[in-house]
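J.: this one's structure only:
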DNA sequence: TGATAAGCGAGACGGTACGTCGGGTCTTCTA
DNA sequence: TAGAAGACCCGACGTACCGTCTCGCTTATCA
């Protein structure tokens, strides 16, 4: 599950001294530590190098600039997101949303995520790197959750009437967007209560869509009613 | 409706030469122009000053730093958001979401919004300024839309069973979050189609909530069915 | 003996509010105080204004710039130099040299004198102001001393053979230059011993010149021998 | 004879890129050029850097401030002062005084010398730097000239009666002071005539001192009489 | 007595330079 | 070749003064 966040790879088996693998990890750790202490805007390459016990040259040999370094340093944290099968779509969603919220509360992600996204509005390669390292990693969870719910019969299969075409992206933006906005823009806690209310809203929407296309079919979580005691 | 975005106000009627009002507007305009041309990260105070035909000190006399300046420069754009009564909750939502998306596509907002939010994670006064200048301005729309829908009977009133307590904040984060995430993180177009699908999902969720509490009551937009030809 | 150091005079009896005389003196005093505390290079017009309890405008209405203000502030100190008749040229010289040295040791003159002279190398009006306010005030002493010595018969009169034409300027530069150089460049104390040795050298020079032109005539201080017990 | 004027030296053989020697000379040359064009007070570090084709940081890495830079830039000019043996003390003095006067007429020295001396009244390290780089370099000439004159028999040797103990410093301040004062304070030309009259005065003083201690001994330049046709 | 003409304190204004900091590149030596 | 060290160029930072300019107000002379 742990995809590689590799800095500017160089073919192995080349002549000359090989790159130090320790340096790589030391740099990424130092970057996260610096993010925690200083935040994005006060993080400097020189400081990261010092913390990592490494020369600035070594940083730039691996990452083109501060943005890409930070993306890589933070990306690995998104590997923590998992989707254990909790038996119902509702439970799965609530679980992953809470997980995601917890991740966003960490100082290193909190300060870094919006910053690199902001930078990416003017930096196409960076946007691509973010997509590959962070966004797709989250999108995969939506895909998995949807498939699992379809297997359980909580959602219509793609060929069913009522299946909403291309819905994965929509769901993803709604979930991730809502959580990020709550956590970083509104700056309010993403707690159990909020998550339950949000999940209810989302499942209601999914159910309504299914019901509208195929009246009589079971909506998500076995109908409009609560499946929570 | 146009709330003031005033920089570090100084009491009037005081001794000494009063602050130039022209400088204020020139600076804010110059800031927006610079954002369009250069983006957030390459915008410099010196450049803004030059564009505005103003000394750097005049900037710093009014705004403590780049962040606060940019918030004020961008905030006024959010005044454009309006909520004309289009006859149905669905139409109202679709309209405002499209409006908001259009605003986010503008280069000055696109590059600035995430950046200042990122900075605000480490800067409490900035967060407060953002809340006052930008967030609350948007939240107002949610409030208005909800009240209007309640008057139309599309949503249960607050005292009705089925009224979701404190839902305004949730709705706000869902709408704003989804649009922002789609536009800036996923970096995909927020077009008519997406907006309709998103609105359908949201209305479904609201309707399901209402139905769950008071079965038989009309959900939003007159029930689960489409009110669109 | 106290010549006026007037700032940009304005005719009296004019309509309008007359200039405050208190402001004048307060400014000059404040300038000297600032020179003592901060030295020339860290003295600022704003600070002087504040110390004097006066607006910056009031300074600039009187003096065109920092240099001219400082010259006037310091010039008045040179009024202290006097030439009491001590009975012999040697005593007169030693007295005035010690006086001058004491003046140069004061922090306000020490820091200001060389500074304004330095500025004057590129500022003709300033040079003229220095000449009028400071240099000529010192030169007068040489003139007086020479005339008094001539009356005593210690120096040949101007029409005597042996009278060195235009010697006043030379003597002035030698005396003032030596003292200034000793005090400010070499930065060594100008004490009794040094003054006596310097005076002996100077009188020797003057005497030799007289003797050369009119052998047998008395040199200064009644011949080569010491007139000091 | 050319003593080094080195900026903040750093040990060689150290790790890291060594300081650029070209930058050193380019900066000093640029400083002199800027002094000629702009004078001391309008010379800026940024301008010097630009002229030298060097970053401002490179300047500050070598010199702590404008004062020290200018001292070093100007000091090398004082290496030009030499004391060729012209056969008599009188000729030697006249020669060196003219040389020194010529040096002081150059715009770079004229504007810089007094300025740094003025600054040095409040800056002990600067004073020390001036002493080492400039003052001692001149004092050496006095020492040489005196020794040469003693070898010629024009001046009593140190152990002779009549030898004035510690006179070198006095002579130095008299010569340098008189010339500087004439050139910069009085702002009058130091030409052949003035130099001859000054030298005559000085030699007279020296001769009188010697004669007073050891009557009958030859004074400087072979007695009080003129050795000039 | 009221118009006119400064002077004055306060402080904003356009500039210019400061000295520092960070980004990203380069050069040297050592491993 | 990698890597540590550090000098280098560049450009922005936020501050400090400069000398000028508006303000509202005061204080004089002149009609």
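T.: Right, received. Where do you want to start? No experiment lies behind these values; they were computed from the predicted model shown.

J.: from now on I want contacts and neighbour counts done on CA atoms only, so please keep to that.
T.: Noted.

J.: which residue ranges of chain A form helices?
T.: Along chain A, counting by DSSP state H, helices occupy A:21-38, A:45-52, A:56-62, A:66-75, A:89-105, A:107-120, A:124-130, A:136-152, A:167-180, A:192-213.

J.: could I get these as TSV with mean neighbour count, distance to DNA strand E and mean pLDDT?
T.: Compiled in TSV, these are given as follows (neighbours: other C-alpha atoms under 10 Å in any protein chain shown; distance: least, C-alpha to the nearest atom of the strand, whole Å; pLDDT from 0 to 100):
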stretch	mean neighbour count	distance to DNA strand E	mean pLDDT
helix A:21-38	18	10	95
helix A:45-52	18	4	97
helix A:56-62	15	5	96
helix A:66-75	21	5	96
helix A:89-105	20	23	96
helix A:107-120	24	12	96
helix A:124-130	17	12	95
helix A:136-152	17	25	93
helix A:167-180	22	26	96
helix A:192-213	22	37	88
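
J.: ok, which of these comes nearest chain D?
T.: helix A:56-62 (12.0 Å; C-alpha to the nearest C-alpha).

J.: on that earlier part again, will you turn the helices of chain A into a markdown table that also has distance to residue C:38?
T.: Converted to a markdown table, the helices of chain A look like this (distance: least, C-alpha to C-alpha, whole Å):
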| stretch | distance to residue C:38 |
| --- | --- |
| helix A:21-38 | 38 |
| helix A:45-52 | 37 |
| helix A:56-62 | 42 |
| helix A:66-75 | 44 |
| helix A:89-105 | 51 |
| helix A:107-120 | 45 |
| helix A:124-130 | 53 |
| helix A:136-152 | 63 |
| helix A:167-180 | 55 |
| helix A:192-213 | 62 |
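
J.: switch these over to CSV; also include distance to DNA strand F.
T.: Shown next, in CSV, are those (distance: least, C-alpha to the nearest atom of the strand, whole Å):
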stretch, distance to DNA strand F
helix A:21-38, 6
helix A:45-52, 7
helix A:56-62, 5
helix A:66-75, 15
helix A:89-105, 26
helix A:107-120, 16
helix A:124-130, 21
helix A:136-152, 28
helix A:167-180, 27
helix A:192-213, 37
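
J.: among those, which is nearest residue D:116?
T.: helix A:45-52 (36.9 Å; C-alpha to C-alpha).

J.: now do the closest one: which elements does it pack against?
T.: Judged by 3 or more C-alpha pairs under 8 Å, 6 or more residues apart in numbering or on different chains; DSSP states H and E, helix A:45-52 is in contact with helix A:21-38, helix A:56-62.

J.: so does the first one get close to chain B?
T.: No. Interface with chain B: helix A:21-38 contributes nothing (C-alpha under 8 Å from any C-alpha of the partner chain), its closest point being 8.8 Å away.

J.: closest one to residue C:90 among the helices of chain A?
T.: That would be helix A:45-52 among these, by C-alpha to C-alpha, at 69.3 Å.

J.: please state the offset of the closest one from the chain centre?
T.: Averaging C-alpha positions (C-alpha atoms, centre = their mean, to the nearest Å) puts helix A:45-52 26 Å from its chain's average.

J.: that helix vs helix A:66-75, what angle?
T.: Helix A:45-52 runs at 40 degrees relative to helix A:66-75, counting by axes from the mean of the first three to the mean of the last three C-alpha atoms, to 10 degrees.

J.: so chain A: which segments form each domain?
T.: Here the domain parsing of chain A from automatic domain parsing is A:21-62, A:75-215.

J.: compare the ones you listed and give me the one nearest residue C:202.
T.: Once these are compared by C-alpha to C-alpha, domain A:21-62 is nearest, at 64.7 Å.

J.: so what would you say the end-to-end distance of the closest one is?
T.: 11 Å (C-alpha to C-alpha, to the nearest Å).

J.: can you check stretch A:55-66 too?
T.: 15 Å.

J.: pull the distance from it to the chain's centre.
T.: 25 Å.

J.: give me the phi and psi for the residue in chain A that chain C sits nearest to.
T.: Relative to chain C, the nearest point of chain A is residue A:42 (32.7 Å; C-alpha to the nearest C-alpha). Backbone torsions of residue A:42, given as degrees, to the nearest 10, read phi -100, psi 0.

J.: that one and residue B:119, how far apart?
T.: Distance from residue A:42 to residue B:119, by C-alpha to C-alpha: 10 Å.

J.: in chain A, which residue is closest to the centre?
T.: residue A:138 (4.0 Å; C-alpha atoms, centre = their mean).

J.: now do the same contact list for that one.
T.: By C-alpha atoms under 8 Å, 6 or more residues apart in numbering or on different chains, the residues touching residue A:138 are A:78, A:81.

J.: cutoff 6 Å now
T.: By C-alpha atoms under 6 Å, 6 or more residues apart in numbering or on different chains, no residues touch residue A:138.

J.: ok, it to residue B:17 distance?
T.: Counting by C-alpha to C-alpha, the gap from residue A:138 to residue B:17 is 56 Å.
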